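fold the following and give me the result.
(one chain, ligands or ions: 1)
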Amino acid sequence: MTHAYRLLSNGQLLDLPATLPVLDPATEEEIARVPECTAELLDATVQAAQAAFPAWRDTPFGQRAERLVALAARIKEHADELALLITREQGRPLPMAKAEVMTTVHWLRGTAQLALPMSERTDAQGVRWATRRVPLGVVAAIAPWNFPLTLAAMKLGPALLAGNTLILKPSPFTPLATLRLGELAADLFPAGVLNVLAGGDALGPMLTEHPGIAKVGFTGSTATGRRVMASAAPTLKHLTLELGGNDAAVVLPDADPVKTARKLFMGAFLNSGQVCIAAKRIYVHESIYDRFADAFAETAKAAKMGPGTQDGVMIGPVQNRPQYERVKALIEDCRASGHRFLAGGEVPSGPGYFIAPTVVDNPPEDSRIVQEEPFGPVVPLLRYASVDEAVQRANASEYGLGASVWSSDVEAARAVAARLETGTVWINSVHLLDPQVPFAGRKQSGLGVENGVEGLLEYTAVQTFVG
Ligand code: NAD
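Here you go, the predicted model:
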């Protein structure tokens, strides 16, 4: 790739030496280098964002919303280019990368339709009490590598709409589409309102410690989320943390085993399983377990694996080497523990971080593959005897992000859903999110809310006027 990627700081696209290599996970070849933000550039960017804050805060809400819509239009104009960048740096098949770009467009538009609540009343003594929501200042948005653009938009949209200024940081593994978004957005916002800075492992902690930053919107692993919280404590920053998950799918005895298996295959293996809300533990009632397992394994074996740029590919590579090694180690642990593979289990020799979709047959509940979040193309199928038992096992997790219930009786499924301790429960689906509906993790899956009015409020403080 010959494009010279630039950082966006204070309205300027900076031509800096490109030092951070970006690899194609399908080939392990370097496809680009990007500049790395230094501590000095971060200080200057925070100062610019602080300087831009009062005017942006005082810009009418509707005009800020209109800027988000303009950004959505700009992204849509460049959808094919951005999708190819996502496929090259992230690994996902091109049609699914295009879907992420269009989801990002949809998210910015949907966010722009939200409104901030205000309340006002005059009490019996004639005192007027009025409460409004005000922006916080400079926000740092830190994104992971699995859905670089959409997860950035989930922070960028509400932060800017509420009147904050923003510094967006992509993962060092996937900076290209995000830096390109910065280039496309440079003329759409006043200088300093939207800044996009890439960097290596040092940049995240520099942002979370920085005294000039008022709020961190973070998506990533639970382990990193804890570090973010600790490093934000001395300056008492506001935090939204969207973290890991180990979502259970509970397939009730009356579900159609074949249809459900085919749907849940995508629920588990979309983006090679690198989805925070992927189905990661699939509990199937013993009366339909064998038929479900056969259909699920058959679908896994038929899924074409290869580079995301190739036609018909369903399973791309794992995104990066550390994650590839982690998933391989989990598969090795299954083998060493004597668990049976219904599909996959082999890892082709490179190049590329490819792992065939791997299905594990009813491993013990305390095995690593059940207890840990694999975040890769491997999933355990788990046999259960009673619904109470399935609910108990689904809830026995340190995570509480999402879950799904599968049944031909929607009311029965809803009754089971109500007993699951997660932020979202889907009935006969997974992965569905909406920019206007709150999404939040419970337990170790996070803190705070993204999306919807509740998500917007996370980028504000309360201000009350009395009298
Ligand atoms: P990660 O935690 O390794 O990195 C996420 C981001 O944090 C990256 O930009 C990284 O550079 C930055 N970072 C790393 N260390 C930091 C530190 N000490 N301080 C500040 N920033 C730091 O996560 P990942 O491997 O990129 O993403 C995978 C994880 O993200 C999985 O656990 C997945 O479940 C989770 N995830 C959660 C959601 C959700 O909405 N809950 C969505 C997608 C992914």
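
any idea how far Ala302 lies from Glu100?
As judged by C-beta to C-beta, to the nearest Å, Ala302 and Glu100 stand 24 Å apart. To be clear about C-beta, it is placed using only N, CA and C from the backbone, and glycine gets the same treatment.

let me fix that, I meant to ask about Phe375.
From Phe375 to Glu100 the distance is 17 Å (C-beta to C-beta).

which pLDDT value belongs to Met1?
We have a pLDDT of 66 for Met1.

assign Trp107 to helix, strand or coil.
Of the three states, Trp107 takes helix according to DSSP: H, G, I helix; E, B strand; the rest coil.

tell me who's in contact with it.
For Trp107, the contacting residues are Thr150, Ala153, Met154, Gly157, Pro435, by C-beta atoms under 8 Å, 6 or more residues apart in numbering.

repeat that with 6 Å
Ala153, Pro435 (C-beta atoms under 6 Å, 6 or more residues apart in numbering).

and Ala302 and Glu100? Which one has more around it.
Glu100 (25 against 11; other C-beta atoms under 10 Å).

I'd guessed the more buried one sits against Thr150; true?
Yes. At 5.4 Å, Glu100 counts as touching Thr150 under the criterion of C-beta atoms under 6 Å.

for the most centrally placed residue in the chain, pull up the helix or strand it's in.
By C-alpha atoms, centre = their mean, the chain has its centre lying nearest to Leu151, at 4.7 Å. For Leu151, the host element (DSSP states H and E) is helix 148-161.

Glu373 now?
Using DSSP H and E, no helix or strand contains Glu373.

isn't it right up against Leu243?
No. Applying C-beta under 6 Å as the test, Glu373 and Leu243 come out as separate, 9.6 Å apart.

where does the protein have low pLDDT?
Applying pLDDT under 70 to the chain picks out residues 1.

what's the distance between the most far-flung residue of it relative to its centre and the ligand?
Distance from the C-alpha centroid of the chain peaks at Gln125, with 49.2 Å (C-alpha atoms, centre = their mean). As judged by C-beta to the nearest ligand atom, to the nearest Å, Gln125 and the ligand stand 46 Å apart.

how many neighbours does whatever residue of the chain ends up closest to the ligand have?
Nearest residue of the chain to the ligand: Gly204, at 2.2 Å (C-beta to the nearest ligand atom). Counted by other C-beta under 10 Å, the residues lying close to Gly204 total 22.

repeat for Arg121
The number of residues packed near Arg121 is 9, by other C-beta under 10 Å.

with Val327 instead?
Val327, neighbours per other C-beta under 10 Å, totals 23.

now do the SS call for it.
helix.

which residues touch it?
If you count contacts by C-beta under 6 Å, 6+ apart, Val327 has them with Val318, Ile355, Pro374, Gly376.

let's see it at 8 Å
Val327 touches Val318, Ile355, Pro374, Phe375, Gly376, Pro377, Val378, counting by C-beta under 8 Å, 6+ apart.
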